[in-house]
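A.B. asks: coordinates for the following, if possible.
(one chain, ligands or ions: 1)
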Amino acid sequence: MSETGTLECKGCGRPLPAHHAPFIGDERYNLWAREGYCTYLCFRERAPRRLAEIEDELERRREEWMSAAQAAPERVEEARPVEERRIGSVGARILARLADTALGAAAVWGASCLLAGRPLAAGRDGGVEGADQAIDRLLDSALLRSWSDWRAPVAWVLGSVAFFSICHALAGATPAKLLLGMKVAREEAGRPGFGRALVRELLFPVDVAFLGLIAFACMAAGDEKQRLGDFAARTVVVRAAGERRALAGRVFGAAALGLIVWLGVGLAL
Ligand SMILES: [Zn+2]
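C.D. replies: This is a model prediction of the structure:
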């Protein structure tokens, strides 16, 4: 740093352009910028030892990852070095969110109808009184109310927040994310856990407000395509196509639990 506050190349001392600040991304392609040199050539010329050190380190990590991948192919994404992980595409994420929401809502709505309808069938034998009670119960589930009643939107929103949080916390993925080969991970790798999964979901409505403008602006700002919820929760959506089989049981178990909680929210309200 010079007296005027501009950055200088550590090798040749020339002032660096303002946009030269080390950026996040694949270490192999901008390690000279991270190290404070003006160009790759300048870095190679002035600090050949440091360059060799970094290249050895990257090679060592790559070899570690390759041997981990060979030992357990289903854990390949988990073992991939953080700077080499692959980020889930925005299109696939939108598709997964729509599919999960539609299928989850359909399952919960169907289950509400079935639950409300069961006493209706029993009520036929029980006479008019039983049938009336059954109809009352049918109309009473928050998930089956008209949206002019505040309980209906609250039940749908709270229920879906619970569903997504439970799936991400327990399994890292929802069914549609898994099928599209993605999962939510901590920035530093690993499943997000309840706290981060919940923070991420609570900010989802903010992200999708104004036609998703906030989410798109945030995702465009970094290589990791984090929406506001991801920034706050320190999570990333990574590719996990190689883990489909390993995660399937856990994801579908978590999704079943999530749907039960969603339904429970509807019945409780
Ligand atoms: Zn230089």
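A.B. asks: you'd agree Arg239 is up against Gly88?
C.D. replies: Yes - using CB atoms under 8 Å, Arg239 is in contact with Gly88, at 5.7 Å. From N, CA and C alone the C-beta is placed, and that goes for glycine too.
A.B. asks: count of neighbours near Ala246?
C.D. replies: By other CB atoms under 10 Å, the residues close to Ala246 number 17.
A.B. asks: got the phi/psi numbers for it?
C.D. replies: Per-residue torsions, Ala246: phi -60, psi -30 (degrees, to the nearest 10).
A.B. asks: can you show me the CA trace of the helix or strand encompassing Ile54 as PDB?
C.D. replies: Here Ile54 sits within helix 48-71, counting by DSSP states H and E. The C-alpha trace of helix 48-71 is given here as PDB (Å, rounded to 0.1, in the frame of the first residue of the first chain):
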ATOM      1  CA  PRO A  48       9.100 -18.500  -8.600                       C
ATOM      2  CA  ARG A  49       9.500 -20.300  -5.300                       C
ATOM      3  CA  ARG A  50       6.100 -19.100  -4.000                       C
ATOM      4  CA  LEU A  51       4.500 -20.100  -7.300                       C
ATOM      5  CA  ALA A  52       6.000 -23.600  -7.100                       C
ATOM      6  CA  GLU A  53       4.800 -23.900  -3.400                       C
ATOM      7  CA  ILE A  54       1.200 -23.000  -4.400                       C
ATOM      8  CA  GLU A  55       1.200 -25.300  -7.400                       C
ATOM      9  CA  ASP A  56       2.500 -28.100  -5.200                       C
ATOM     10  CA  GLU A  57      -0.200 -27.500  -2.600                       C
ATOM     11  CA  LEU A  58      -2.900 -27.400  -5.200                       C
ATOM     12  CA  GLU A  59      -1.600 -30.600  -6.800                       C
ATOM     13  CA  ARG A  60      -1.500 -32.300  -3.400                       C
ATOM     14  CA  ARG A  61      -5.100 -31.300  -2.700                       C
ATOM     15  CA  ARG A  62      -6.100 -32.500  -6.100                       C
ATOM     16  CA  GLU A  63      -4.500 -35.900  -5.500                       C
ATOM     17  CA  GLU A  64      -6.100 -36.200  -2.100                       C
ATOM     18  CA  TRP A  65      -9.500 -35.500  -3.700                       C
ATOM     19  CA  MET A  66      -8.800 -38.100  -6.500                       C
ATOM     20  CA  SER A  67      -7.900 -40.800  -4.000                       C
ATOM     21  CA  ALA A  68     -10.900 -40.000  -1.800                       C
ATOM     22  CA  ALA A  69     -13.100 -40.100  -4.900                       C
ATOM     23  CA  GLN A  70     -11.700 -43.500  -5.900                       C
ATOM     24  CA  ALA A  71     -12.200 -44.900  -2.400                       C
END
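A.B. asks: dump the residue contacts of Arg14.
C.D. replies: By CB atoms under 8 Å, 6 or more residues apart in numbering, Arg14 lies in contact with 8, 38.
A.B. asks: mind checking pLDDT for it?
C.D. replies: What the model reports for Arg14 is a pLDDT of 87.
A.B. asks: excluding its backbone neighbours, what's nearest Asp207?
C.D. replies: Nearest residue to Asp207, sequence neighbours excluded (CB to CB, 6 or more residues apart in numbering): Ala215, at 3.8 Å.
A.B. asks: correction: the previous question concerned Val236.
C.D. replies: Leaving aside its sequence neighbours, Val236 sits nearest to Glu224 (CB to CB, 6+ apart; 5.0 Å).
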